[in-house]
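> Need coordinates for the below:
(chains A and B)
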Protein chains: 2
Amino acid sequence: MSFQKLDELGHRLEALEHALAILGADEAIHMAVGGGEKRAEAMGTLAGMYHRQASASEIAGWIDAAEREDLDEEQAAAVREFKRHYVNLTCLPAEFVERQTNTRMRCEQLWRDLRAKNDWAGFLPALEGVIALAREEAAMRAQVLGLGLYDSMIEQYDPGNRTADIAPVFDTLKTFLKDFVPEALAVQAERLAKRPLKPLSGVYPVDRQRELGLAMMAAVGFDLSHGSLSVSHHPFCGGVPSDVRITTRYRTTEFLSSLMGVLHETGHALYEQNLPKKWSHWPLGKARGMAVHESQSLFVEKQLGRNPAFWQWALPVVDKYLGESWSMDDIIPHVHRVERGLIRVDADEVTYPLHVILRFELEQDLIQGRLQPVDLPEAWDAKMREYLGLSTIDNPADGPMQDVHWASGAFGYFPSYTLGAMMAAQQWAALTKEYPAADRDIARGEFAAINGWRRDKIWSQASRWSTPELLERATGEKLNADHFIGHIRARYGAV
Amino acid sequence: MSFQKLDELGHRLEALEHALAILGADEAIHMAVGGGEKRAEAMGTLAGMYHRQASASEIAGWIDAAEREDLDEEQAAAVREFKRHYVNLTCLPAEFVERQTNTRMRCEQLWRDLRAKNDWAGFLPALEGVIALAREEAAMRAQVLGLGLYDSMIEQYDPGNRTADIAPVFDTLKTFLKDFVPEALAVQAERLAKRPLKPLSGVYPVDRQRELGLAMMAAVGFDLSHGSLSVSHHPFCGGVPSDVRITTRYRTTEFLSSLMGVLHETGHALYEQNLPKKWSHWPLGKARGMAVHESQSLFVEKQLGRNPAFWQWALPVVDKYLGESWSMDDIIPHVHRVERGLIRVDADEVTYPLHVILRFELEQDLIQGRLQPVDLPEAWDAKMREYLGLSTIDNPADGPMQDVHWASGAFGYFPSYTLGAMMAAQQWAALTKEYPAADRDIARGEFAAINGWRRDKIWSQASRWSTPELLERATGEKLNADHFIGHIRARYGAV
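Numbers count the residues shown, from 1 in each chain, chains lettered A, B, ... in the order given. I've put the predicted structure just below:
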């Protein structure tokens, strides 16, 4: 039976994924500094084994045959995802993938060096090489998948998402935010004039912040018997669903940035920990994609963790672990701080989507050949001035050299961040419509009912539906910017 | 070129070994408690991939062809070890290995449960199953390797070691120790009558003990950029040569047992860290075997760490980290404590070999069919009374159920412990003959010259020679009990 062969392949691939995930987390958390070279060699070899086994030509025949076998609904769904996975993995020739990997890695290394030196001219030729190959890649993917060039790139990250659906929603959001950012800043200035900001400062030992983080993680639903919290230079959520490794970093002079980071990664972790265990060795059992994953982390960070109701419960907990009594009036201005800035990763939830929409628009033009890499600094600056009133023309390090994504060839990934933010707001709206007591629960530190809704609608569904189908089944409607706009307006607008 | 194929195979196997080693260390040190089931599944699958790739039938042809190729001396040595590895791995049919693995795992699980209950009768049938298969295994190995039954089992752990060479040396040692143990105990009693033992007690915070351990590790030669110290339930040395993970456990009421454990594992780690890097993906590049490995850990623990000269240097270091001023006269009686006991792992260096020789004699009889499992409690008790004057007849949990080795089918492994102790003493004798200033160095905390000798004679040789050849090349003579006897007599005998 061919389904059986796919099932066994799934177990082999799961073991290799398990090794790669734990080795990756170990490298960032525990590895001795001198262990990197051999670790890279081992992971490269294991990734090669994974790729060879996952893209073996006989799998095409197993999938064809399995599609004609008498399968139950779950198995049929499993075959669909095996196929999607296989097609996405095999639509590029091995020779091309190798050439592209080398080009990307060289460009990434150069980026690390030249971004620090603000050297756009030195970086441009390498980026041009990556973009030329990304255009080739998009053409090959588009042909196999029967999609548009940019849609075929998005498809790797968020199956089913299409530019034709996203672009109008992003346009609505952009139009709103261009006006709303000044409004939010004015509202904030007015409030701060009445009550000056109490500085986020103090002395917070790492072990107490860690205990606070663990207490918050557990309260929000993280299963500490299937995961842990460590320290790494860049916070992440890694490991495997049975043992999710999240990390943070601490500043001993303030506690809020680490705690918010822990809540964000806890959101990713909850999704992983609550995926259906019996599907864990099938592509069907994996998280749906980057936008849905981001919706889960942002849900915990923004819908829960930056909700004033959350802080009614959280302030006494902070006091218990850190011995620091903040008032709601003093902490909320920090939790809801809005600031226009050049850097996407430092942006707040009001300005963040404008950073993403700028990239979404530019990378479509890059992939479709309407924009040349050499013209990026001007194009970036023009949009930055229009959307946020800031210029990067003399500062490409904080302009088109800001992120590693393009250097590493990840075109089509950026929209996931803002799609995630919009989907989180839309999920919150649907949840609170069904369960109006959500805010009351949060204020009491009770998350069971909220997590029950999310488990039912999102986590248990894994990769059963395309990204837009999953959202529509969970919330009863297609992607709709109104929920995010309503959320932002309520939290940051004039009363 | 066939050598090239072996070389590439070596890289693939090294990557899988790397993953298995790090996953194994991670499981003991960092894994969340609920992660065990999936970890076992992943490691089982990866071990299966390793076994299939390492035992593939085409490798026999590559080895044959490579043996006829024009190779340099290193490559020829590499082929010899590829062959030894391959033959040892393929001399049992896959069906047999699977049956044996299941039988062993059931017996090990039963052992964990029934040893605690002292239930020999319940354990016996499972052990009989394991021993029956071990006899079959020995017969198959012996036929392929052209060795005796028990020698073919030893060959897995210490290539080249033969019962005909070991048994007379063990007999000499046994004859000596049966008389010497009472003498050493009398000497100790006399000393303690003059100066009573100062109890090993105090309050030693874990973080200070850890800092002390790290300082000692670094001083003795451990490269902290290629390894680390963690905590686990059972201390071990794991990981990979580029990133060696050693562990210990702490008692906050005394510091000596953890420190001695750290020195022991550091001895294993020094061997791994100093293996030749360019051979790391060949079997040739691995540590020679269990006896040589144990000689390296015991060298650091006993020849260095229990040497009074070591404590001249170490006491001020202990004082610095723990704020505890011990005198030589107070610490040495603990470092050199001798005690007759039932338990091998708790034994001191004087009585330990008698525990091993007892098992060495019994397991030869078991494998050769001269002793039946049902008669083990009586046979064990008789030897225990003869060698150490203790009885286990009513206490099989501390008799033949004491160790996991037989339950897990590891016959031929026990001799490695005492061979290691003898080889360490023999290496020390050879080293001090060439370099009489060794004790002076140790008293100053200088280990570079001593490690230079060991790197040259042992570590850099990896698997280039059989176990007895390696010892003879390093020390100028075959295994000779006199060195260990001389060491024990000098340290524990009447002056």
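> right, and A:Phe236 touches A:Val262 too?
No - using Cβ atoms under 8 Å, A:Phe236 is not in contact with A:Val262, being 11.7 Å away. Yep, even glycine has a C-beta here, placed from its N, CA and C like the rest.
> Spit out the residues that contact these two alike.
Contact criterion Cβ atoms under 8 Å, 6 or more residues apart in numbering or on different chains; residues shared by A:Phe236 and A:Val262: A:Ile246.
> Compare these two and say which is more crowded by neighbours.
A:Val262 (29 against 18; other Cβ atoms under 10 Å in any protein chain shown).
> contacting residues for that one?
Here A:Val262 is in contact with A:213, A:216-217, A:229, A:246, A:248 (criterion: Cβ under 8 Å, 6+ apart).
> what's the burial count for the closest residue to chain B within the stretch 151-300 of chain A?
In the stretch 151-300 of chain A, the residue that lies nearest chain B is A:Asp243 (3.2 Å; Cβ to the nearest Cβ). For A:Asp243, the neighbour count with other Cβ under 10 Å is 28.
> Make a markdown table from the contacts of A:Val262 and add secondary structure, distance to chain B and pLDDT to it.
Below are the contacts of A:Val262 laid out as a markdown table (DSSP: H, G, I helix; E, B strand; the rest coil; distance: Cβ to the nearest Cβ, whole Å; pLDDT from 0 to 100):
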| residue | secondary structure | distance to chain B | pLDDT |
| --- | --- | --- | --- |
| A:Gly213 | helix | 16 | 98 |
| A:Met216 | helix | 18 | 98 |
| A:Met217 | helix | 12 | 98 |
| A:Leu229 | strand | 10 | 98 |
| A:Ile246 | strand | 11 | 98 |
| A:Thr248 | strand | 16 | 97 |
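> where does stretch A:77-92 sit relative to the chain's centre, distance-wise?
The chain centre lies 22 Å from the centre of stretch A:77-92; the measure is Cα atoms, centre = their mean, to the nearest Å.
> hmm, who's touching that stretch?
Under Cβ under 8 Å, 6+ apart, the answer for stretch A:77-92 is A:3, A:6-7, A:10, A:51, A:54-55, A:59-60, A:63, A:66-67, A:71, A:100, A:137, A:140-141, A:144-145, A:155-156, A:159, A:279, A:282-284, A:463-464.
> Pull out the buried residues from it.
Judged by neighbour count using 16 or more other Cβ atoms under 10 Å in any protein chain shown, the buried positions of stretch A:77-92 are A:77-86, A:88, A:90-92.
> And A:Ala449, how far from chain B?
Look at A:Ala449 and chain B: by Cβ to the nearest Cβ, to the nearest Å, they are 24 Å apart.
> other SSEs contacting the helix or strand harbouring that residue?
Assigned by DSSP states H and E, A:Ala449 falls within helix A:448-457. Contacts defined by 3 or more Cβ pairs under 8 Å, 6 or more residues apart in numbering or on different chains; DSSP states H and E place helix A:448-457 against helix A:415-434, helix A:438-443, helix A:467-475.
> Return the most buried member of the ones you listed.
Mean neighbour counts were compared across the helices and strands packed on helix A:448-457 using mean count of other Cβ atoms under 10 Å in any protein chain shown; the top stretch is helix A:415-434, at a mean of 23.
> Run the angle between that helix and helix A:467-475 for me.
Put simply, helix A:415-434 runs at 20 degrees to helix A:467-475, going by axes from the mean of the first three to the mean of the last three Cα atoms, to 10 degrees.
> Would you mind writing the CA trace of helix A:415-434 as PDB?
Output of helix A:415-434 as PDB, limited to C-alpha atoms (Å, rounded to 0.1, in the frame of the first residue of the first chain):
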ATOM      1  CA  PRO A 415       3.700  39.900   4.400                       C
ATOM      2  CA  SER A 416       3.400  37.100   7.000                       C
ATOM      3  CA  TYR A 417       4.200  39.500   9.900                       C
ATOM      4  CA  THR A 418       1.300  41.800   9.200                       C
ATOM      5  CA  LEU A 419      -1.000  39.100   8.000                       C
ATOM      6  CA  GLY A 420      -0.300  37.500  11.400                       C
ATOM      7  CA  ALA A 421      -1.200  40.700  13.200                       C
ATOM      8  CA  MET A 422      -4.400  41.100  11.300                       C
ATOM      9  CA  MET A 423      -5.400  37.500  11.700                       C
ATOM     10  CA  ALA A 424      -4.700  37.700  15.500                       C
ATOM     11  CA  ALA A 425      -7.000  40.700  15.700                       C
ATOM     12  CA  GLN A 426      -9.600  38.900  13.600                       C
ATOM     13  CA  GLN A 427      -9.400  35.800  15.900                       C
ATOM     14  CA  TRP A 428      -9.800  38.000  19.000                       C
ATOM     15  CA  ALA A 429     -12.900  39.600  17.500                       C
ATOM     16  CA  ALA A 430     -14.400  36.200  16.700                       C
ATOM     17  CA  LEU A 431     -13.500  34.800  20.000                       C
ATOM     18  CA  THR A 432     -14.900  37.700  22.100                       C
ATOM     19  CA  LYS A 433     -18.100  37.600  20.000                       C
ATOM     20  CA  GLU A 434     -18.600  34.000  21.100                       C
END
